[in-house]
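J.: Got a sequence here, can you build the structure:
(2 chains)
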Protein chains: 2
Amino acid sequence: MQKCDGEIFFVGLGLMEKHITAEAAEALRAADKIYVEGYTSFYYPDVYTSLKNLGIPEEKIKNVSRRDLEDNSGEELLRHASMGNKVALATVGDPFIATTHLALRLRFERYGCRVRYMPSVNIFSYSISKTGLFSYKFGESATVVYPRDGILSTYPYLVLEENLKRGLHTFFFLDIDEKFGPLNAAEAVKLLLRMESEERRGAFTVGTDVIIVERASWPDERIILTSAGKAKEKRLNPPHSLIVPGKLHFMEKESIEVFRT
Amino acid sequence: MQKCDGEIFFVGLGLMEKHITAEAAEALRAADKIYVEGYTSFYYPDVYTSLKNLGIPEEKIKNVSRRDLEDNSGEELLRHASMGNKVALATVGDPFIATTHLALRLRFERYGCRVRYMPSVNIFSYSISKTGLFSYKFGESATVVYPRDGILSTYPYLVLEENLKRGLHTFFFLDIDEKFGPLNAAEAVKLLLRMESEERRGAFTVGTDVIIVERASWPDERIILTSAGKAKEKRLNPPHSLIVPGKLHFMEKESIEVFRT
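T.: Numbers count the residues shown, from 1 in each chain, chains lettered A, B, ... in the order given. Alright, predicted model coming up:
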């Protein structure tokens, strides 16, 4: 591999078309090739339509899979950039919040590519702002994942317990599996209840309040505050994220109670 | 006060002009009146220029102070919205991350105004992504504030200590005072060292590594990784935010070491 003469833009698209920033639009138009990564999240209406609406010709756009970016370490992107091209990797949300693109960035930098980062709206900040919870009262985050080979990691539960001890809110990213798709919040709540029955520390019971952020910023967005017991029976439409509130300030309380169902 | 027939948009502008989203630009153009709040943060190049560049006539724009929004609870915005107008409150960053606008939002909602939230790039997410630290490894955040009447709150230090016990990173927002301006990161480091000398728990010493995010996303942005002992002697140009890393993954380590000075 020759030394890299080109540029690689990590471009955040936000959660829906109208979240695209002026900076991102400019970078996407300037790029010689745009790689679209669709496995870490979902977009409204869809990335291809949004890029088309920015006036970007379809032949400049190519889909990349997890295999391309992780197993093959973005080899094709690096090859293009090495030839002096401007290459964009377009990701839903922000490229470095809750995604795994840091490894790629480090690799591209090691080869001497000029790497630029274009931030955008991400699900973590969006959910905090939308619910009205205070951002500084969030503790460590965790991802609730599908059981693998029947084994359920109780790590998210342990993070929750630690946060609750300090009165802090917990934000849960929900797994996206290439085969099973995005983890439904109702299923995630069931998994957390299973973790409770394994760990038995009383941090997450049927009476625990949860906030479900469904299809954040999309036209059919719903924010739901309910008990875990009720949440697990709900019919919900992913993608979701999940918040377990800690100790609430009276303003936070007023703000989230409007979402109670 | 009559019932509110209008709409109030809480519009995030991001950290610099090119962070303005398509959604925000649309809302600002549609608004009958735009109130610009300049006391919670700073903008590049400046909000007025950026609004002008969006084609918004100057007579639609009005500056609001902390007094207008907090002491007077946004009375003027409410009055305009009550007459059926579209009113925008334009804030740097995201309107509900690290700002105090939730009280306003709740008040407007109580009066029956239609309230909408337009998210944008905020300093918290931006700093995480830019440094390459993992977002889920951040614990509780805190704000380092100027001593008031000679009294120094050690709360940020205690938050840091708790986070470090769990290996988590700590993000510090730095105070912005109407009289003294934005708190310089070098001063913030000195204040944290004073907290150490009061609390004596060894969480923040001259050997502690800090990451200073200076003028985030502006043309003269700098990210600096250095020891607290060196940081307090540095000549720095605010606005700043400050991160104290916890336990580092090897990728995080590689990512931040390029900023070592």
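J.: What strand or helix carries A:Asn27?
T.: Just to correct that, residue A:27 is Ala rather than Asn. helix A:22-30 (DSSP states H and E).
J.: Domain ranges for chain A, per the record?
T.: Following automatic domain parsing, one finds the domains of chain A at A:7-121, A:124-257.
J.: between these, which gets the lowest average pLDDT?
T.: Of all those, the minimum mean pLDDT falls on domain A:7-121 (a mean of 94).
J.: still on that earlier bit, following the helix holding A:Ala27 in sequence, what is the next regular element?
T.: Helix A:22-30 is succeeded, C-terminally, by strand A:33-37 (DSSP H and E).
J.: any residues touching that following strand, and which ones?
T.: Outside strand A:33-37, the residues that touch it by C-beta atoms under 8 Å, 6 or more residues apart in numbering or on different chains are A:28, A:47-48, A:51, A:56, A:60-64, A:68-69, A:76-77, A:80, A:85-92. C-beta coordinates here come from the backbone N, C-alpha and C atoms, glycine included.
J.: rewinding a little: packing partners of the helix holding A:Ala27?
T.: Applying 3 or more C-beta pairs under 8 Å, 6 or more residues apart in numbering or on different chains; DSSP states H and E, we find helix A:22-30 packed against strand A:7-12, strand A:86-91, strand A:114-118.
J.: For the nearest residue to A:Glu254 once chain neighbours are set aside, list the residues it contacts.
T.: Excluding the flanking residues, the one nearest A:Glu254 by C-beta to C-beta, 6 or more residues apart in numbering or on different chains is B:Leu106, at 5.6 Å. For B:Leu106, the contacting residues are A:Gly132, A:Met251, A:Glu254, A:Ser255, by C-beta under 8 Å, 6+ apart.
J.: And for the longest helix anywhere in chain A, what's in contact with it?
T.: Ranked by number of residues, the top helix in chain A under DSSP state H is helix A:185-199. For helix A:185-199, the surrounding residues in contact (C-beta under 8 Å, 6+ apart) are A:144, A:147, A:152, A:154, A:156-158, A:160-161, A:172, A:174, A:202-206, A:210, A:212, A:214, A:228, A:231-236, A:238, A:240-242.
J.: correct me, but A:Ala231 touches A:Ile212?
T.: Yes - using C-beta atoms under 8 Å as the test, A:Ala231 is close enough to A:Ile212 to be in contact (6.4 Å).
J.: joint contacts of the two?
T.: A:Ala185, A:Ile224.
J.: Now do the end-to-end distance for stretch A:80-98.
T.: Terminal residues of stretch A:80-98 are spaced 26 Å apart (C-alpha to C-alpha, to the nearest Å).
J.: Does chain B have contacts with it?
T.: Yes - counting by C-beta under 8 Å from any C-beta of the partner chain, chain B has neighbours in stretch A:80-98: A:Asp94, A:Pro95, A:Phe96, A:Ile97, A:Ala98.
J.: Give me the buried positions along that stretch.
T.: A:80-82, A:85-98 (16 or more other C-beta atoms under 10 Å in any protein chain shown).
J.: Buried residues, stretch A:48-61. List them.
T.: A:Ser50, A:Leu51, A:Ile56, A:Ile61.
J.: tell me the SS of the first one?
T.: When classified by DSSP: H, G, I helix; E, B strand; the rest coil, A:Ser50 comes out as helix.
J.: re the thing from before, so can I have a markdown table of the domains of chain A showing distance to B:Tyr43?
T.: Listed next are the domains of chain A as a markdown table, based on distance: least, C-beta to C-beta, whole Å:
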| stretch | distance to B:Tyr43 |
| --- | --- |
| domain A:7-121 | 14 |
| domain A:124-257 | 18 |
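J.: show me what contacts the residue nearest to A:Asp177 when sequence neighbours are not counted?
T.: Leaving out its chain neighbours, the residue that sits closest to A:Asp177 by C-beta to C-beta, 6+ apart is A:Tyr146, at 5.5 Å. Applying C-beta under 8 Å, 6+ apart, we find A:Tyr146 in contact with A:Asp175, A:Asp177, A:Phe180, A:Leu183.
J.: so the residue nearest to A:Glu254 sits in a helix?
T.: Yes - under three-state DSSP, B:Leu106 falls within a helix.
J.: Look up how far B:Phe250 lies from it.
T.: Per C-beta to C-beta, to the nearest Å, B:Leu106 is found 44 Å from B:Phe250.
J.: just A:Tyr48 next, same as before
T.: 36 Å.
J.: where does the residue nearest to A:Asp177 land in three-state SS?
T.: Strictly by three-state DSSP, A:Tyr146 counts as coil.
J.: does the residue nearest to A:Glu75 when sequence neighbours are not counted count as helix, strand or coil?
T.: Once flanking residues are discounted, A:Glu75 sits nearest to A:Asp68: 7.8 Å by C-beta to C-beta, 6+ apart. Three-state assignment for A:Asp68 (three-state DSSP): helix.
J.: what number of residues lie near A:Asp68?
T.: 18 (other C-beta atoms under 10 Å in any protein chain shown).
J.: what sits against it?
T.: A:Tyr35, A:Gly74, A:Glu75, A:Glu76.
J.: That one and A:Tyr39: what is the separation?
T.: For A:Asp68, the distance to A:Tyr39 - C-beta to C-beta - is 10 Å.
J.: go on, A:Lys60?
T.: 20 Å.
J.: A:Arg114 now?
T.: Taken as C-beta to C-beta, the span from A:Arg114 to A:Tyr39 is 26 Å.
J.: Which one's more surrounded, those two?
T.: A:Tyr39 (19 against 14).
J.: residues near A:Asp149, how many?
T.: So A:Asp149, with other C-beta under 10 Å, has 4 neighbours.
J.: brain fart, A:Arg79
T.: 15.
J.: Can you list phi and psi of it for me?
T.: Main-chain torsions, A:Arg79, degrees, to the nearest 10: phi -60, psi -50.
J.: ok, now A:Gly167?
T.: Torsion angles at A:Gly167 (phi, psi; degrees, to the nearest 10) stand at phi 80, psi 10.
J.: Kindly report the same for A:Ala142.
T.: Phi and psi for A:Ala142, reported as degrees, to the nearest 10, are phi -150, psi 170.
J.: give me the beta-bridge partners of it?
T.: A:Phe172 (DSSP bridges).
J.: isn't it right up against A:Leu160?
T.: Yes - if you go by C-beta under 8 Å, A:Ala142 and A:Leu160 touch, sitting 7.4 Å apart.
J.: Which one of the contacts of A:Asp68 sits in the busiest neighbourhood?
T.: A:Gly74 (24 neighbours).
J.: For it, which residues are in contact?
T.: Contacts of A:Gly74 were listed using C-beta under 8 Å, 6+ apart, and they are A:Val64, A:Asp68, A:Leu89, A:Leu104, A:Arg107, A:Phe108.
J.: redo that, cut-off 10 Å
T.: The contact partners of A:Gly74, taken as C-beta atoms under 10 Å, 6 or more residues apart in numbering or on different chains, are A:8, A:35, A:37, A:64, A:68, A:80-81, A:87, A:89, A:101, A:103-105, A:107-108.
J.: Then A:Thr143?
T.: A:98, A:153, A:155-156, A:159, A:171-176, A:183, A:188, A:241, B:136.
J.: who touches stretch A:252-261?
T.: A:130-134, A:137, A:169, A:209, A:211-213, A:222-227, A:230-231, A:234, A:243, A:245-246, A:248-249, B:96, B:102-103, B:105-106, B:109-110.
J.: Chain B contacts on the stretch 151-261 of chain A?
T.: A:159, A:162-163, A:165-169, A:171-173, A:216-217, A:246, A:249-252, A:254-255, A:258 (C-beta under 10 Å from any C-beta of the partner chain).
J.: among those, which are in strands?
T.: Applying DSSP state E to these, the entries found in strands are A:Phe171, A:Phe172, A:Phe173.
J.: from those residues, which single one is nearest chain B?
T.: Set against chain B, the nearest of those by C-beta to the nearest C-beta is A:Phe173 (7.4 Å).
J.: For that closest one, which non-adjacent residue is closest in space?
T.: A:Thr143 (4.3 Å).
J.: same thing with A:Leu15?
T.: Take A:Leu15 and drop its neighbours on the chain: the residue closest to it by C-beta to C-beta, 6+ apart is A:Ser217, 4.5 Å away.
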